[in-house]
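Q: No sequence on hand, only this structure:
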């Protein structure tokens, strides 16, 4: 059973918060739908929260996991059954925070590679209140961190478009170095990849996460800490200050 991932339809799909679906699988506290807007944990990004509601009640979604079949974790005493029609709703505040955080991560990863001699992003964790990125090889000084945040904020003050699309591995490699996009971490069997593009040449990276459609939505990037993770790897932690350029959720049911 494969769940149709509605949040991947296009970059604007991340702004949608309500959808119709049908239950195709139930296992105690796990509900599988034929289609879903809920983002499952993956790619360093945390899961969405929200609700499933139908004729047999309303339950909170507390965790979302899976790749092909998306499992929506709920309380085990729910009354839902296979075949039930539901309306799902996403916690917009959490989703939008993840969108801004994840797009900011792409900005800083692209800048770090450009400014600091090809420093690669080797890990990241996207949360609603703060996030982190692991870089290698690098040893950040305070001046370097100041440079990174300043350059990032120069970009987030501009109305730069963020878009997505499908490209082949060869097409991506012709634009960005394979070590910048961590192409070696992606299964070689996967030829067509969903990519997120920022502006004309700021960043291009395979990614299945949710993102804002304009850098001006992010606000200011504030680096609040760094930590050595050994073997030339350093972790930076950042948070975001609010922006006045906000796009509202699309609450129409899809």
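A: Sure, I can see it. Since the structure is predicted, the reported quantities are computational estimates derived from the model, not experimental observations.
Q: How about the contacts made by residue 68?
A: With contact taken as Cβ atoms under 8 Å, 6 or more residues apart in numbering, residue 68 is in contact with 1, 2, 3. Any C-beta I mention is one placed from the backbone N, CA and C, and that applies to glycine too.
Q: For the second one, grab phi and psi.
A: Right, residue 2. Main-chain torsions, residue 2, degrees, to the nearest 10: phi -110, psi 130.
Q: show me the contacts for it.
A: Contact partners of residue 2, counting by Cβ under 8 Å, 6+ apart, are 68, 69.
Q: go again using 10 Å as the cut-off
A: Residue 2 is in contact with 24, 32, 34, 35, 66, 67, 68, 69, 70, counting by Cβ atoms under 10 Å, 6 or more residues apart in numbering.
Q: same check, this time on residue 206
A: Applying Cβ under 10 Å, 6+ apart, we find residue 206 in contact with 43, 167, 169, 172, 176, 181-183, 185-186, 190, 193-196.
Q: what do you get for residue 70?
A: 1-5, 30-40, 47, 64.
Q: any idea how far it is from residue 140?
A: Separation of residue 70 from residue 140 (Cβ to Cβ, to the nearest Å): 37 Å.
Q: same check, this time on residue 72
A: Distance of residue 72 to residue 140, given as Cβ to Cβ: 39 Å.
Q: do residue 202 as well
A: Per Cβ to Cβ, residue 202 is found 21 Å from residue 140.
Q: same question, residue 5
A: Taking Cβ to Cβ as the measure, residue 5 falls 36 Å from residue 140.
Q: Isn't residue 4 up against residue 35?
A: Yes: contact status for residue 4 versus residue 35: in contact at 3.9 Å, counting by Cβ atoms under 10 Å.
Q: out of those two, which sits in the more crowded spot?
A: Taking other Cβ atoms under 10 Å, residue 4 and residue 35 do not tie; residue 35 has more neighbours (17 against 13).
Q: Could you give the backbone dihedrals for the most centrally placed residue in the chain?
A: In the chain, the residue lying closest to the centroid (Cα atoms, centre = their mean) is residue 209, at 3.0 Å. For residue 209, the backbone dihedrals (degrees, to the nearest 10) come out as phi -80, psi 180.
Q: Surely it touches residue 5?
A: No: contact between residue 209 and residue 5 fails when scored by Cβ under 10 Å: they sit 11.6 Å apart.
Q: Just the buried positions in stretch 55-72, please.
A: 59, 61, 63, 64, 66, 69, 70, 71, 72 (16 or more other Cβ atoms under 10 Å).
Q: Tell me which entries of the residues you listed lie within strands.
A: Using DSSP state E, the subset of those located in strands is 59, 61, 63, 64, 71, 72.
Q: Adding distance to residue 117 and pLDDT, write these out as TSV.
A: Formatted as TSV, those follow (distance: Cβ to Cβ, whole Å; pLDDT from 0 to 100):
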residue	distance to residue 117	pLDDT
59	50	97
61	43	98
63	39	98
64	38	98
71	42	97
72	44	98
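Q: and the closest residue to residue 167 other than its chain neighbours, what does it touch?
A: Of all residues not flanking residue 167 in the chain, residue 195 sits nearest, at 5.0 Å (Cβ to Cβ, 6 or more residues apart in numbering). Taking Cβ under 10 Å, 6+ apart as the criterion, residue 195 is in contact with 163-168, 171-172, 175-176, 181, 203-207.
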